[in-house]
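K.L.:
no FASTA, just this:
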């Protein structure tokens, strides 16, 4: 009898707490504007991008203002702990298991540090939108996994972020995309369309993080014409080579690449990978484009004697060539296009100059021209995704592979 009474009390308390959280979520959804923190930690592992956004409306009526933005750098110890499992087929499973909550707690504390610096209380924030840390990405077409579904894994548990910050958290966005038939990436299209479309201007939003991707936004504003895809490496090979052979986290201002010469034999060998001929949309990651890939190509073609500066120059040109080639595949000769670049690659003048040279009929600028910092863009886009899940409806992007019309993100309550 005592047990039954205790069980009834506990279930009643849980029910009331859950109801309180759901009511709070409904209140947030009905507000005219929401303060949402978007988080992004990319494959470069340089730090956590934290963007505090004020978001009004939803869908094509979305109006967003970035109130604050910061990149909180990771310690080298933290980076190394992620690299132990990052994009590797064989790992210490226990290490993966403990990293999942550990990253969530670390990200939560980074958010609290930012809020303290900005003189904002956690209760003033409506939602957190956490991308998490990608540790493996496995689209079945690229990894010969036809008997399995597409898969991807981002860690940094949303429940731990919610409990650490006491803020409702949305996380694990990519899983719904896969469940609905996509590859889990790129997700930028969903925010790009709402924030950056402009009637009468064909826009290509090029993001050059570790992996490069772009979103095509037609001047017609027709969502069924929107196009998004990965193109191949952005900075991932440049950064990895700089780190291994020059002791630098990246090639600052492309200075090392500028001191070398492009080796055309190596360049063509790198571009011979079948991925580049595969139809759009497609996704990839450091699981494919890594130092083993470079070593295998140089060994196959007996190119080990190339100077390190020349290799880095060639890797930079490799990214530029594959980005430019992919964009050309979707361009119509009679149309005019404006390209807005973002991500770490937008800070590399050698990479940008090579892209500009190969796309002379396009205007190449920075996403900053559209009112959002290129460094903040990905974190901002996850804030938009969270806003759509809570306050919006599914936008119909048509019946096309790779762009399912879904809302994304799992909801974690703080209590």
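P.N.:
Here it is on my side, so go on. Keep in mind that this is a model prediction, so the values were computed, not measured.
K.L.:
pLDDT score for residue 144?
P.N.:
Listed pLDDT for residue 144 reads 68.
K.L.:
do the same with residue 185
P.N.:
With respect to pLDDT, residue 185 scores 78.
K.L.:
and it, what is it in contact with?
P.N.:
By Cβ atoms under 8 Å, 6 or more residues apart in numbering, the contact set of residue 185 is 137, 152, 174, 177, 213, 230, 283. Glycine gets a C-beta too; all of them are placed from N, C-alpha and C.
K.L.:
contacting residues for the closest residue to residue 81 other than its chain neighbours?
P.N.:
Excluding the flanking residues, the one nearest residue 81 by Cβ to Cβ, 6 or more residues apart in numbering is residue 99, at 6.5 Å. Going by Cβ under 8 Å, 6+ apart, residue 99 touches 81, 82, 85, 155.
K.L.:
Can you tell me the SS state at the third one?
P.N.:
When classified by DSSP: H, G, I helix; E, B strand; the rest coil, residue 85 comes out as coil.
K.L.:
measure it to residue 203 for me?
P.N.:
According to Cβ to Cβ, to the nearest Å, residue 85 stands 37 Å off from residue 203.
K.L.:
Next: the first one.
P.N.:
As defined by Cβ to Cβ, residue 81 lies at a distance of 39 Å from residue 203.
K.L.:
same deal with the second one?
P.N.:
Relative to residue 203, residue 82 is positioned 34 Å away (Cβ to Cβ).
K.L.:
quick one: what helix or strand has residue 153 in it?
P.N.:
Using DSSP states H and E, residue 153 sits within strand 151-155.
K.L.:
And for residue 69, the neighbour number?
P.N.:
For residue 69, the count of nearby residues is 18 (other Cβ atoms under 10 Å).
K.L.:
right, and it touches residue 40 too?
P.N.:
No - the criterion here is Cβ atoms under 8 Å, and residue 69 misses it with residue 40 at 10.8 Å.
K.L.:
and the gap between residue 170 and residue 148?
P.N.:
With distances taken as Cβ to Cβ, residue 170 is found 26 Å from residue 148.
K.L.:
Which one's more surrounded, those two?
P.N.:
Neighbour totals were compared for residue 170 and residue 148, and residue 170 leads with 27 against 10 (other Cβ under 10 Å).
K.L.:
list the contacts for that one?
P.N.:
127-130, 158, 385-386, 389-390, 409-412.
K.L.:
Top of those by number of neighbours, please.
P.N.:
Top of these by neighbour count (other Cβ under 10 Å): residue 130, with 33 neighbours.
K.L.:
give me the beta-bridge partners of that residue?
P.N.:
Taking DSSP bridges, one obtains residue 39, residue 171 as the residues bridged to residue 130.
K.L.:
That one and residue 313, how far apart?
P.N.:
Using Cβ to Cβ, residue 130 is found at 37 Å from residue 313.
K.L.:
same deal with residue 184?
P.N.:
33 Å.
K.L.:
on that earlier part again, would you mind listing the two of the contacts of residue 170 that lie farthest apart?
P.N.:
Between any two of the contacts of residue 170, the greatest separation by Cβ to Cβ is 15.0 Å, found for 385 and 412.
K.L.:
where's the residue lying closest to residue 341 once chain neighbours are set aside relative to residue 196, distance?
P.N.:
Take residue 341 and drop its neighbours on the chain: the residue closest to it by Cβ to Cβ, 6+ apart is residue 206, 4.8 Å away. Distance, residue 206 to residue 196, using Cβ to Cβ: 12 Å.
K.L.:
can you list residues touching both of these two?
P.N.:
Shared contacts of residue 206 and residue 196, counting by Cβ under 8 Å, 6+ apart, come down to residue 340.
K.L.:
of those two, who's got more company?
P.N.:
residue 206 (27 against 20).
K.L.:
Just checking: what are the partner strands of the helix or strand where the more buried one lies?
P.N.:
Using DSSP H and E, residue 206 sits within strand 202-208. Its sheet considered, strand 202-208 pairs with strand 211-217 (antiparallel), strand 337-342 (parallel) by DSSP bridges.
K.L.:
ranking those strands by burial, who's on top?
P.N.:
Of all those, strand 211-217 has the most neighbours on average by mean count of other Cβ atoms under 10 Å, namely a mean of 26.
K.L.:
which residues in this protein form helices?
P.N.:
In the chain, the segments counted as helices under DSSP state H are 2-30, 76-83, 93-117, 140-143, 158-165, 174-179, 188-196, 236-246, 255-258, 264-270, 291-300, 308-330, 349-358, 377-391.
K.L.:
Using the record's domain definitions, break the chain down for me.
P.N.:
Segmentation of the chain into domains, based on automatic domain parsing, reads 33-188+376-412, 198-370.
K.L.:
Throw those into JSON lines and include distance to residue 21, thanks.
P.N.:
Formatted as JSON lines, those follow (distance: least, Cβ to Cβ, whole Å):
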{"stretch": "domain 33-188+376-412", "distance to residue 21": "7"}
{"stretch": "domain 198-370", "distance to residue 21": "33"}
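K.L.:
Return the distance of the strand holding residue 206 from the chain's centre.
P.N.:
In terms of Cα atoms, centre = their mean, to the nearest Å, the centre of strand 202-208 is found 14 Å from the chain centre.
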